[in-house]
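Peer 1: kindly generate the corresponding structure for this input.
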Amino acid sequence: MKVLLAEDEAVSRRLMEVHLDKWGFKVVGARDGAEAWVQLQQQPDIEMAVLDWMMPEVDGVDLVHRIRNELTNRSLYVIVCTARTGVEDLVTALDA
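Peer 2: Below is the predicted model of the structure:
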């Protein structure tokens with residue numbers, strides 16, 4: 001399965017890439033939400049996206065909104081990662 005990994009912090013991105021690769025996933029990395037959006041549009045075989053919430057350009061939640069509104073012709077599993085812990089944050093992510 002091809003996985004898009006969008007994380008702006010290089011060390012965290014690399015650590016997650018190594019683990020996903022070890023588990024047999026083909027990883028496509030992105031440094032921010034704008035780059036992730038381009039990858040999603042250019043690679044229709046991406047089946048899952050792991051998105052950091054807080055990224056420059058386009059954040060993870062905004063990217064989820066774009067996916068739902070504009071990539072309606074395909075199925076995509078989405079995981080949003082965040083350090084936010086508030087109930088409102090959880091509701092915001094799940095609503096997206």
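
Peer 1: quick one: low-confidence parts of this structure?
Peer 2: Applying pLDDT under 70 to the chain picks out residues 82-87, 89-96.

Peer 1: let's see that with 80 instead.
Peer 2: 53-56, 58-60, 72, 81-96 (pLDDT under 80).

Peer 1: after the helix or strand that contains Leu51, which helix or strand is next?
Peer 2: Using DSSP states H and E, Leu51 sits in strand 46-52. Later in the chain than strand 46-52, the nearest helix or strand by DSSP H and E is helix 60-70.

Peer 1: can you list the strands that the helix or strand just after that next one pairs with?
Peer 2: Downstream of helix 60-70, the first helix or strand assigned by DSSP H and E is strand 77-81. Sheet pairing here is set by DSSP bridges, and for strand 77-81 it gives strand 46-52 (parallel).

Peer 1: longest single helix anywhere in this structure?
Peer 2: helix 10-22 (DSSP state H).

Peer 1: Phe25 touches Lys2, doesn't it?
Peer 2: Yes: using CB atoms under 8 Å, Phe25 makes contact with Lys2 at a distance of 7.4 Å. Bear in mind the C-beta positions are built from the backbone N, C-alpha and C, glycine included.

Peer 1: what is in contact with the two at once?
Peer 2: Met48 (CB atoms under 8 Å, 6 or more residues apart in numbering).

Peer 1: so between these two, which is more surrounded?
Peer 2: Taking neighbours as other CB atoms under 10 Å, Phe25 and Lys2 compare with Phe25 leading, 17 against 14.

Peer 1: which residues touch the more buried one?
Peer 2: Phe25 neighbours (CB under 8 Å, 6+ apart): 1-3, 48.

Peer 1: how about those in CSV, adding secondary structure and distance to Pro56?
Peer 2: Rendered in CSV, the data for the contacts of Phe25 read as follows (DSSP: H, G, I helix; E, B strand; the rest coil; distance: CB to CB, whole Å):
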residue, secondary structure, distance to Pro56
Met1, coil, 27
Lys2, strand, 24
Val3, strand, 21
Met48, strand, 22
